[in-house]
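Trainee: prediction below, plus the sequence it came from.
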Amino acid sequence: SPDTSGTHFLILSGVPMHDSGGGQRAAQLARELLHRNHRVTFVYRFPSSDRVRQKSRFAHENFTHTRFEDFSARRFNLERAPRERIVVLLEFPLAEYRAMASYLRRRGALTIYDCIDAWDTSLGYGWYTRRTEDALVRECDVVLASARTLKDDLERRSGRDVSLLPNAVNTRIFKRGKRYDRPAQLPQA
């Protein structure tokens, strides 16, 4: 049985872990946290748009992957061991994610809003509201941004410090010295 005395990360993402071939930021953070022997529950709100890779799944004994509709913050909180610390990482500024984070924060969880995109563009069409994002920035214990422009915008809007955490490469999934075939879709230079 896994050690439950450590930290359990609840990642509230937009899309499933396998979306975009598993290369999205939240998926890479989940893999790294698991590599460091943490427990991870990955909740996603929207169905995958990546039809090609939909059959690829990730499995790990300390990993749970679930749809938003099947997740309960109350049940999640009640099932944790008394010494297990909960860290909630919100990747998408959704009102329902804000409610979950608020509920868990009142019960001792650390909350982190990770701003990965400018959601007030077409990326957030149909679900984004600045009001929800501004509330998350005010309420979360830590606020991160993946790009300097996002960091500067959130700091200007909120008056609080935002930490820059740029995207990076996971060197464990690339083998040095190995030659990779050029993708057929990539135009010749």
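Mentor: The structure has been received and is ready for your questions.

Trainee: confidence-wise, which helix or strand of this protein is lowest on average?
Mentor: helix 25-35 (a mean of 91; mean pLDDT, DSSP states H and E).

Trainee: give the partner strands of whatever helix or strand comes next after that helix in its sheet and their orientations.
Mentor: Going down the chain from helix 25-35, the next helix or strand is strand 39-44, by DSSP states H and E. Strand pairing for strand 39-44, determined by DSSP bridges: strand 7-13 (parallel), strand 63-67 (parallel).

Trainee: which elements pack onto the least confident helix or strand of the chain?
Mentor: Applying 3 or more C-beta pairs under 8 Å, 6 or more residues apart in numbering; DSSP states H and E, we find helix 25-35 packed against strand 7-13, strand 39-44. To be clear about C-beta, it is placed using only N, CA and C from the backbone, and glycine gets the same treatment.

Trainee: and the ones you listed: which comes nearest R83?
Mentor: Ranking the helices and strands packed on helix 25-35 by distance to R83, with C-beta to C-beta as the measure, places strand 7-13 first at 10.2 Å.

Trainee: distance between the closest one and the chain's centre?
Mentor: Here strand 7-13 is found 7 Å from its chain centre; the criterion is C-alpha atoms, centre = their mean, to the nearest Å.

Trainee: list the buried ones in that strand?
Mentor: Neighbour-count burial for strand 7-13, counted by 16 or more other C-beta atoms under 10 Å, picks out 8-13.

Trainee: which residues sit against that strand?
Mentor: Residues outside strand 7-13 that contact it (C-beta atoms under 8 Å, 6 or more residues apart in numbering): 24, 26-27, 29-30, 33, 38-45, 76, 80, 84-92, 94, 97, 100-101, 104, 109.

Trainee: so which strand or helix has L89?
Mentor: Taking DSSP H and E as the criterion, L89 maps to strand 85-90.

Trainee: scratch that, E133
Mentor: Per DSSP H and E: helix 130-139 holds E133.
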